[in-house]
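> no sequence on this one, just coordinates:
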């Protein structure tokens, strides 16, 4: 039976404005998860957005119903 290799982790402490923290907390509560898990998901999404942006001819599109918006990382 194969076991997963241990993944090293790094710690990063972050100060957030209270309204932003409360928004993250509300998202975590709706999803039944933790703020840390929400932040990890957001970071993964951000990394994907950067990878798409770095790929010539690619773009990240946000579609809501019949409305589309191209996302640019600054």
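Good, I have the coordinates. Source: prediction; values computed, not measured.
> where's residue 36, which helix or strand?
helix 35-53 (DSSP states H and E).
> in its sheet, what does whichever helix or strand comes after that helix sit against?
With elements assigned by DSSP H and E, the helix or strand that comes after helix 35-53 is strand 60-64. Here strand 60-64 is paired, per DSSP bridges, with strand 67-71 (antiparallel).
> and the partner strand with helix 35-53, angle?
Angle between the axes of strand 67-71 and helix 35-53 is 80 degrees (criterion: axes from the mean of the first three to the mean of the last three Cα atoms, to 10 degrees).
> for strand 67-71, buried residues please.
Of the residues in strand 67-71, none count as buried by neighbour count, 16 or more other Cβ atoms under 10 Å. C-betas here are computed from N, CA, C, even on glycine.
> identify the residues contacting it?
Defining contact as Cβ atoms under 8 Å, 6 or more residues apart in numbering, one finds that strand 67-71 is touched by 49, 59-63.
> try 6 Å
By Cβ atoms under 6 Å, 6 or more residues apart in numbering, the residues outside strand 67-71 that reach it are 59-62.
> please state the offset of that strand from the chain centre?
A distance of 18 Å separates the centroid of the chain from that of strand 67-71, by Cα atoms, centre = their mean, to the nearest Å.
> what mean pLDDT does that strand have?
The average pLDDT for strand 67-71 rounds to 84.
> for the contacts of strand 67-71, pick the one with the most neighbours.
Most neighbours among those, by other Cβ atoms under 10 Å: residue 60, with 16 neighbours.
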